[in-house]
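Participant: coordinates only, sequence not included:
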């Protein structure tokens, strides 16, 4: 399965280790149709759990769910503005790691939100994702949005 951008164009160039892409990549299209937006992170966590079990990497489920939930939540809060907008979740097993990518329609870079010590949100990327991935996360602009990715090591 190849990776698709939000506009439906194939774009496997954004995936690491392109030699491993087919048939090992799992890509899921998350849309608002028939689902409230606040359910998309839960759906994404379930998909990650099922896929990691298929790959025999269930020991990464907790961290992968947390990272995926944070990335999908950010996409829903900051990038999904219209009912036709969608988020793509892509998982790729790599030697020694699992790569997680979230494509959303916003060109804006991810970053810490407006938060202070009293707020419950706005620190997920800088604290949670950065900690769980040992700083191995980033983002890249796409023609119609961006991809935010994270790499979890298999330790």
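Facilitator: Received the coordinates, thanks. For clarity, every value in this text was computed on a predicted model and none was experimentally measured. Residues are numbered from 1 along each chain as shown.
Participant: now do residue 142 against residue 107, distance only.
Facilitator: With distances taken as Cβ to Cβ, to the nearest Å, residue 142 is found 8 Å from residue 107. Glycine gets a C-beta too; all of them are placed from N, C-alpha and C.
Participant: who has more neighbours out of the two?
Facilitator: Applying other Cβ atoms under 10 Å to residue 142 and residue 107 shows that residue 142 carries more neighbours, namely 19 against 12.
Participant: now do the helices in this structure.
Facilitator: Along the chain, the stretches classed as helices by DSSP state H are 21-24, 40-54, 61-78, 130-132.
Participant: in the second one, what's buried?
Facilitator: Put plainly, it is helix 40-54. By 16 or more other Cβ atoms under 10 Å, the buried positions in helix 40-54 come out as 40-41, 44-45, 47-49, 51-52.
Participant: who are the packing partners of it?
Facilitator: strand 26-31, helix 61-78, strand 86-94 (3 or more Cβ pairs under 8 Å, 6 or more residues apart in numbering; DSSP states H and E).
Participant: out of these, which is closest to residue 129?
Facilitator: helix 61-78 (5.5 Å; Cβ to Cβ).
Participant: now the helices and strands packed on helix 40-54 as JSON lines including distance to residue 135, mean neighbour count and mean pLDDT?
Facilitator: Formatted as JSON lines, the helices and strands packed on helix 40-54 follow (distance: least, Cβ to Cβ, whole Å; neighbours: other Cβ atoms under 10 Å; pLDDT from 0 to 100):
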{"stretch": "strand 26-31", "distance to residue 135": "24", "mean neighbour count": "17", "mean pLDDT": "80"}
{"stretch": "helix 61-78", "distance to residue 135": "13", "mean neighbour count": "21", "mean pLDDT": "91"}
{"stretch": "strand 86-94", "distance to residue 135": "17", "mean neighbour count": "21", "mean pLDDT": "89"}
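Participant: spatially central residue in the chain, please.
Facilitator: residue 102 (3.1 Å; Cα atoms, centre = their mean).
Participant: among the helices of the chain, which comes closest to residue 92?
Facilitator: Nearest to residue 92, of the helices of the chain and by Cβ to Cβ, is helix 21-24 at 6.5 Å.
Participant: average pLDDT across the closest one?
Facilitator: Mean per-residue pLDDT for helix 21-24: 52.
Participant: next one: stretch 144-155
Facilitator: Here the average pLDDT along stretch 144-155 is 88.
Participant: many thanks, I have nothing further to ask.
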